[in-house]
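>>> 3D, please:
(one chain, ligands or ions: 1)
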Amino acid sequence: MKKTEIRVRFAPSPTGFMHIGNARTALYNFLFVRNKKGKFILRVEDTDVDRSTKESTDVIFSSLHFLGIDWDEGPYFQSERLDIYHEYAHKLLLSGQAYKCYCSPEEIEDRKRKLKEKGRVFKYDRYCLKLNGEELDKVKDRPFAIRFLVPYEKIYFHDLIRGDITFQGEEIEDFVLLRGDRTPTYNFACVVDDYLLNITHVIRGEDHIPNTPKQVLVYKALGWEVPLLAHLPMILGPDHIKLSKRHGATSVEAYREMGYLPSALANYLALLGASFEPDREVYNMEELIRFFSLDRVSKKAAVFDPEKLKWMNKEHLKIMGEEEIASLLELRGFPGKEYSRAVDRTYLLKVLKLIKERLTLLDDIKKEFSYFFQAPTSYDPIGLENYKNERIRKELNLLVEVLNELEEFTAPFLEDTLRRYAESRDLKARELIHPIRLALTGKTVSPGLFEMMEILGKEETILRIRLFI
Ligand code: GLU
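As a prediction, this is how the structure comes out:
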């Protein structure tokens, strides 16, 4: 591996679904590294045995695939690297930069609770650091954790987005590196892996800033160089409070299920915290990669606006080819067997060409345009009121005969035929257009009538008008 190679990692903890914020982190790492022609590494931080699940890992992988984020290396699973963390924790023990702590989690909890009752915050008091003689003999067969001995000094790091950041060692507890059950904590495993995987840039959420001084200390203690750091701004809900379930759907899965396009979701996420070109918001992945740089990431929290995401989806549907939309629909099992008309892809493509500008979400095709796939089962009642007169019924009957005789069933030809017919019968064209629309769709608004008739075809069109009469 070349020393100059840019290497980033996405390091999810598989303890739930893929939150929009995590997806944005993955995306920014991806855009950054593809722009720099570096490597994207996937690492699963699954050392919390109680909370990590295989289902969650699968969901994270499928969410990444869905968004079009692929990786060059990995996935590495921290649970398979336990020996490595041991080795380094013991190194720190040997050098006196860490110490064994025999306090059980229950004892610590107990002390925390007691202090809390007094209104004070617990910080590990180095009880085990001072153990010796008899006291040590009493506990030394217990399982032990390994704690880092935090030096009381100034801890400094530079953040590519937020500038210089300092902490004081005194503010930081002697944090655990390895737990009593021999699993590593996040702050420790993360450093060991980022070092061993030659990560050059750590790009992650701002909520990790309080962890960073601990990690910087571990790097220093092991004599390693700290990678470049970039902490991304938080994502807030429309009420300017940290985005959470209260705000509705917050997972990539949920948006996928609702019928959002991967390209639109990626585009929208990319805008959450970074600016691209002036006066422009719609981009495909290639363009996002081309324009992305960490300089364009803001310090200011971003606000997640579901309405804007909807708008973005609509814009992407407009520019997307029918073939691509058809494939996405087919992946969603559309059109399923529930529709009475057997349709092939050519038919679906024709429908999409006509209606794609009217779709906001993929599934709108089911909700608003089901009449392309089955005859309407009811008619808009207001629309119906207008056509209860005999005259229209009679005219429609006659018109059906005319349609039946047609050799050609194309939109321009149909329009011409209908207009001529209306004229010959001293009717306004719309006096026929409106009821035919209702007959074909059950609705009072629809895409162009003649285009629709062409797509439905002669037989189906006539059948529906007859049914209506
Ligand atoms: N597992 C951590 C998380 O999901 C990783 C944080 C990091 O990127 O260092 O938040």
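
>>> The ligand contacts on this structure?
A11, P12, S13, E45, Y186, C190, R204, H208 (CB under 6 Å from any ligand atom). To be clear about C-beta, it is placed using only N, CA and C from the backbone, and glycine gets the same treatment.

>>> which two in those residues are spaced the farthest apart?
P12 and H208 (12.8 Å; CB to CB).

>>> Can you pick out the residue with more neighbours from these two?
P12 (25 against 17; other CB atoms under 10 Å).

>>> That one contacts H19, correct?
No: here P12 does not reach H19: they are 9.3 Å apart, not a contact under CB atoms under 8 Å.

>>> Strands of the stretch 1-150 of the chain, start to end?
7-10, 39-44, 73-77, 98-101, 145-148 (DSSP state E, counting those that start in this stretch).

>>> winner for burial among the ones you listed?
Each of those was assessed for mean neighbour count using mean count of other CB atoms under 10 Å. The highest is strand 7-10, with a mean of 26.

>>> Export only the CA atoms of that strand, formatted as CSV.
Extracted C-alpha coordinates of strand 7-10, given in CSV (Å, rounded to 0.1, in the frame of the first residue of the first chain):
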residue,chain,number,x,y,z
ARG,A,7,-8.1,5.8,3.3
VAL,A,8,-11.3,6.3,5.2
ARG,A,9,-13.6,4.1,7.0
PHE,A,10,-17.3,3.8,7.9
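
>>> gap between it and the chain center?
In terms of CA atoms, centre = their mean, to the nearest Å, the centre of strand 7-10 is set 18 Å apart from its chain centre.

>>> Show me what it packs onto, helices and strands only.
Using 3 or more CB pairs under 8 Å, 6 or more residues apart in numbering; DSSP states H and E, the elements in contact with strand 7-10 are helix 20-35, strand 39-44, strand 201-205.

>>> pLDDT of the first one, averaged?
Spelled out, it's helix 20-35. Across helix 20-35, the average pLDDT comes to 98.

>>> The most centrally placed residue in the chain: what's it in contact with?
Residue closest to the mean C-alpha point of the chain, counted by CA atoms, centre = their mean, is V252 at 3.2 Å. Going by CB atoms under 8 Å, 6 or more residues apart in numbering, V252 touches F17, M18, I20, A23, S63, F66, L67, L265.

>>> please redo it, this time with the cut-off set to 10 Å
17-20, 22-23, 26, 59-60, 62-64, 66-67, 260, 262, 265-266, 269 (CB atoms under 10 Å, 6 or more residues apart in numbering).

>>> Can you turn the buried part of these into a ChimeraX selection?
Restricted to buried positions by 16 or more other CB atoms under 10 Å, the ChimeraX selection for those reads:
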select :17,18,19,20,22,23,26,59,60,63,64,66,67,260,262,265,266,269
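
>>> Spit out the residues that contact P12 and H208 alike.
The contact lists of P12 and H208 share T25, where a contact means CB under 10 Å, 6+ apart.

>>> Going by neighbour count, which of the residues of the chain next to the ligand comes out on top?
With neighbours taken as other CB under 10 Å, the top of the residues of the chain next to the ligand is A11, carrying 27 neighbours.

>>> Was I right to think that residue contacts F40?
No: the criterion here is CB atoms under 10 Å, and A11 misses it with F40 at 11.5 Å.

>>> got any residues that touch both of those two?
A26, N29, G74.

>>> Find the residues that touch each one of P12 and H19.
Counting by CB under 10 Å, 6+ apart, the contacts common to P12 and H19 are T25, I60, S63.

>>> ok, so of these, who is nearest D239?
Within the shared contacts of P12 and H19, the smallest distance to D239 is 22.3 Å, found for T25 (CB to CB).

>>> what residues are up against that closest one?
T25 neighbours (CB under 10 Å, 6+ apart): F10, A11, P12, H19, I203, R204, G205, H208, L232, I235, L269, G273.

>>> Pick out whichever of those sits closest to K310.
L269 (14.2 Å).

>>> Not counting residues beside it along the chain, what's closest to that closest one?
Counting by CB to CB, 6 or more residues apart in numbering, L269 lies nearest to R24, which is 4.6 Å off, once chain neighbours are set aside.

>>> thought that neighbour was touching T250?
No: using CB under 10 Å, R24 is not in contact with T250; the gap is 11.4 Å.

>>> Which of the two has more residues huddled nearby?
Between R24 and T250, counting by other CB under 10 Å, R24 is the more crowded of the two (24 against 21).

>>> list the contacts for that one?
205, 232-233, 235, 266, 268-274, 302, 304.
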